[in-house]
Structure formats: structure tokens, C-alpha cells
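Visitor: sequence-free structure coming up:
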């Protein structure tokens, strides 16, 4: 049984953005981190979910892929992936395929920490 949502497949198929391929790679990677994750289209963008909203893509970004972690300030981030200094949210940015490859361990760690903290 797949944890992929056909609604997100449709969203990606219609996503007219130069970063579409990278968004799809990041989506696949995140959804493979744990079968407990789910996804939906919320706020007009794919959103990753596990006992609450974890992160949503910022669909208007064209120079990079931006993934906004809704409660990012509360997630243990030993690799320093998450950027920002607000009280609640943080973002992860991926410039290109090479940048994403370099940041995969950090992204996986952040997702797993969210799951661990909300189990």
C-alpha cells in the first residue's frame, strides 16, 4: 500500500514551475522516509503529514525549492537544515539536485525527529 496521494500526483502534473522535477524528487524522498507519513494538497501545495502538518512546499519559489516546516522552531535540527528565526516556522531550501543530495541526511533526520516527537 502506497502512502502517496493521487491528489498530489495531479498537483505535480499541473505544476508549471522550473523546479517541478526537484519538487517531485523531494516529495518522493520524504514519503519514503516512513510509511507512517501521509500527504495532501493544503494551502494550494503538497503538505506532508504525521499527527499534524509537518511541512508544505512554497509553490511560488522559482529559484529554489522551499519547504516550510510549520512548527520548525520546535524540531531538533542537529544538521542545521532549517533556516529562520521566527517563533514557530522554519524553512529548508534546496537550490538544485546537488544541493538536495547533500542535504538528504539532514532532511531525513528532521522528518524522523518530528515522527519520534509525535509518536
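Guide: Yep, it's here. Owing to the predicted nature of the structure, the values given are computational and were not obtained by experimental measurement.
Visitor: What count of nearby residues applies to residue 102?
Guide: Residue 102: 11 surrounding residues under other C-beta atoms under 10 Å. For every residue, glycine as well, the C-beta is placed using N, CA and C.
Visitor: One more: the one 3 residues further on?
Guide: Number of residues near residue 105 (other C-beta under 10 Å) recorded here: 11.
Visitor: In three-state terms, label it for me.
Guide: Secondary structure for residue 105, judged by DSSP: H, G, I helix; E, B strand; the rest coil, is helix.
Visitor: all strands for this structure, in order.
Guide: Secondary structure of the chain (DSSP state E): strands at 38-42, 45-49, 53-57, 65-69, 90-94.
Visitor: In a markdown table: those strands, plus mean pLDDT.
Guide: A markdown table is the format used below for the strands of the chain (pLDDT from 0 to 100):
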| stretch | mean pLDDT |
| --- | --- |
| strand 38-42 | 98 |
| strand 45-49 | 97 |
| strand 53-57 | 97 |
| strand 65-69 | 97 |
| strand 90-94 | 98 |
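Visitor: Can you redo these as a markdown table, where the extra columns are distance to residue 114 and mean neighbour count?
Guide: Output for these, formatted as a markdown table (distance: least, C-beta to C-beta, whole Å; neighbours: other C-beta atoms under 10 Å):
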| stretch | distance to residue 114 | mean neighbour count |
| --- | --- | --- |
| strand 38-42 | 13 | 16 |
| strand 45-49 | 9 | 22 |
| strand 53-57 | 5 | 24 |
| strand 65-69 | 8 | 24 |
| strand 90-94 | 12 | 21 |
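Visitor: I'd like those as CSV, with distance to residue 118 appended.
Guide: As requested, the strands of the chain are exported to CSV (distance: least, C-beta to C-beta, whole Å):
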stretch, distance to residue 118
strand 38-42, 13
strand 45-49, 11
strand 53-57, 9
strand 65-69, 13
strand 90-94, 16
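Visitor: Give me the phi and psi angles of the residue nearest to residue 36 when sequence neighbours are not counted.
Guide: Computed as C-beta to C-beta, 6 or more residues apart in numbering, the closest residue to residue 36 that is not its neighbour in sequence is residue 50, at 5.8 Å. Dihedral angles of residue 50 (phi, psi; degrees, to the nearest 10) stand at phi -150, psi 110.
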